[in-house]
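**Student:** fold the following and give me the result.
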Amino acid sequence: MSTVNEEEVNPYELLGVTMESTEQDIRTAYRRVSLKVHPDRNRGNPDAARKFHELNQAYELLLDPLRRMALDAKVRLKEARKTRFASYDAKRKGLVEELEARERAFKKARVEKEEGEHARWRENERIMEEGRRLREEREKELRRREEEALRTEREAAGEDEPPEVGDLDTTVRLKYSLSSHPSLTTPASLAALMSPFGPIDEASVKLILKPSPPKKPKRGIALVPFKQIGGAFAAVCASGRPESGLADVEVGWAEDKEPELIGWLKKKGQLGTDGKASTTKGRDDARRPSDSTPQPTPVGAESSTSDAPPGTDSGTPFSSFPSTFPSFDAPPKSSAKLAETGLDYESLTLMRMRQAERARLERELREREAAEGD
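**Tutor:** Residues are numbered from 1 along each chain as shown. The predicted structure is shown next:
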């Protein structure tokens, strides 16, 4: 059975007796008080049950000799402490109050110290994060400057060095109407049409007919890879020219942009400073009357008329292309190597023109044509 909390409720006070009271006095007092606090006589009081329970606990405690002896010891100790503190003079009370104030100040200082340390920790973290950010920005700026300096050096050093030939730099795209060219329905016929401009990789020719058979096609789109970039350039320059057999045939670069090598040659003045000189010359020459049909300049042949083979008219209808790169005061090693081999990129082109690249370009071409048809 649980005991009464003597610090809060004094059993002697509940029963109205003292420590010198006998058991009979305790029983008499219990009967008297229980009649007053019994719940049946205090139906409107919500605390009646609690008070009656506390009364019963106090009654049981005082009737237990051992528990009553322990309670008496605690009561006497409490009264002695109260008497001792009551005898303290004002000075001792001031010391106690000062000690308590110091303890409160110490706790407050400790809390403020912890808060200050936490604030310094947050500030250190912020400074470290800011330092990391500044260091990353500085490193990024240094890398950018180094890349710019390296790019400037490469541009300065490689100004005379020709760029490499891309995977599709030797490939041209043809667009034509089948009503004007009904025979251009096979890769072999396309290779025969474009062979005057240079050697062709006939096995890699891709042809798309719009709409697809069995419907009657109305137009054709083809990718024709040349073995040399000179042949591709000559074919692009002869786009739509009847004297070249390309009437109503649109010839353009496969990637819709001019290869870097062509731009480099134009910049060096080998194909005209504005990219039109050689084409204009070919068209003007094509308008000249001639007894014999002009023959296209073979790829790799010199553009100079003095070196032209007999029976070849100098006014070729195709744009001439240099067989070697121009020599400069200090040509790079790569330029010298290319000058030795000319513009024969057959092995390089065949190696780079993978089936996957052709399939990708063909798929893009189909999607583009489908979009244009819509």
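
**Student:** the closest residue to E260 other than its chain neighbours: what's it in contact with?
**Tutor:** Closest residue to E260 apart from its sequence neighbours, by CB to CB, 6 or more residues apart in numbering: P163 at 4.1 Å. Placement of C-beta: from N, CA and C, glycine included. Neighbouring residues of P163 by CB atoms under 8 Å, 6 or more residues apart in numbering: 260-261, 264.

**Student:** which members of those residues occur in helices, if any?
**Tutor:** Members of the contacts of P163 lying in helices (criterion: DSSP state H): 260-261, 264.

**Student:** isn't N42 up against A48?
**Tutor:** Yes - N42 lies in contact with A48 (CB atoms under 8 Å); the separation is 3.6 Å.

**Student:** and what about the residue nearest to E260, helix, strand or coil?
**Tutor:** coil (DSSP: H, G, I helix; E, B strand; the rest coil).

**Student:** return the distance of the longest helix along the chain from the chain's centre.
**Tutor:** Criterion DSSP H: the longest helix present in the chain is helix 90-157. Taking CA atoms, centre = their mean, to the nearest Å, one finds the center of helix 90-157 at 31 Å from the center of the full chain.

**Student:** output the contacting helices and strands for that helix.
**Tutor:** The contact analysis (3 or more CB pairs under 8 Å, 6 or more residues apart in numbering; DSSP states H and E) places helix 90-157 against no helix or strand.

**Student:** show me what counts as buried in stretch 211-227.
**Tutor:** 217, 219-227 (16 or more other CB atoms under 10 Å).

**Student:** which of those fall within strands?
**Tutor:** Among the buried residues of stretch 211-227, DSSP state E puts 219-225 in strands.

**Student:** need these in a markdown table with distance to A254 and pLDDT, can you?
**Tutor:** Converted to a markdown table, those look like this (distance: CB to CB, whole Å; pLDDT from 0 to 100):
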| residue | distance to A254 | pLDDT |
| --- | --- | --- |
| R219 | 18 | 88 |
| G220 | 15 | 89 |
| I221 | 11 | 91 |
| A222 | 10 | 92 |
| L223 | 6 | 92 |
| V224 | 9 | 92 |
| P225 | 8 | 93 |
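
**Student:** make JSON lines out of these and add distance to E250.
**Tutor:** Formatted as JSON lines, these follow (distance: CB to CB, whole Å):
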{"residue": "R219", "distance to E250": "10"}
{"residue": "G220", "distance to E250": "11"}
{"residue": "I221", "distance to E250": "10"}
{"residue": "A222", "distance to E250": "11"}
{"residue": "L223", "distance to E250": "13"}
{"residue": "V224", "distance to E250": "13"}
{"residue": "P225", "distance to E250": "17"}
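
**Student:** isn't G230 up against G198?
**Tutor:** Yes - the pair G230 / G198 is scored as a contact, 6.1 Å apart, by CB under 8 Å.

**Student:** more neighbours: which of the two?
**Tutor:** Between G230 and G198, counted using other CB atoms under 10 Å, the more crowded position is G230 (29 against 25).

**Student:** what packs against the helix or strand hosting that one?
**Tutor:** According to DSSP states H and E, G230 maps onto helix 229-237. Where contact means 3+ CB pairs under 8 Å, 6+ apart, helix 229-237 is packed against strand 171-177, strand 249-253, helix 260-267, helix 277-287.

**Student:** and the angle for the third one with strand 249-253?
**Tutor:** Calculated by axes from the mean of the first three to the mean of the last three CA atoms, to 10 degrees, helix 260-267 forms an angle of 90 degrees with strand 249-253.

**Student:** what distance separates helix 260-267 from the centre of its chain?
**Tutor:** Counting by CA atoms, centre = their mean, helix 260-267 comes out at 35 Å from the chain centroid.

**Student:** for it, list the C-alpha coordinates in CSV.
**Tutor:** Taking C-alpha atoms only, helix 260-267 is exported to CSV below (Å, rounded to 0.1, in the frame of the first residue of the first chain):
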residue,chain,number,x,y,z
GLU,A,260,36.6,24.0,-91.5
LEU,A,261,39.3,22.9,-94.1
ILE,A,262,37.4,24.8,-96.9
GLY,A,263,37.2,27.9,-94.7
TRP,A,264,40.9,27.6,-93.9
LEU,A,265,41.8,27.4,-97.6
LYS,A,266,39.6,30.5,-98.3
LYS,A,267,41.3,32.4,-95.5
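
**Student:** show the average pLDDT along it.
**Tutor:** Averaging pLDDT along helix 260-267 yields 82.

**Student:** may I see the buried residues of it?
**Tutor:** The neighbour-count check on helix 260-267 (16+ other CB under 10 Å) flags 261-262, 264-266 as buried.

**Student:** now stretch 9-25
**Tutor:** Neighbour counts using 16+ other CB under 10 Å place 10-12, 14-15, 17 of stretch 9-25 among the buried residues.

**Student:** P196 contacts G245, doesn't it?
**Tutor:** Yes - using CB under 8 Å, P196 makes contact with G245 at a distance of 7.3 Å.

**Student:** mind picking the two most distant members of the buried residues of stretch 211-227?
**Tutor:** Pairwise distances across the buried residues of stretch 211-227 peak at 28.1 Å for P217 and K227 (criterion: CB to CB).

**Student:** distance of Y176 from D248?
**Tutor:** From Y176 across to D248, the span is 6 Å (CB to CB, to the nearest Å).
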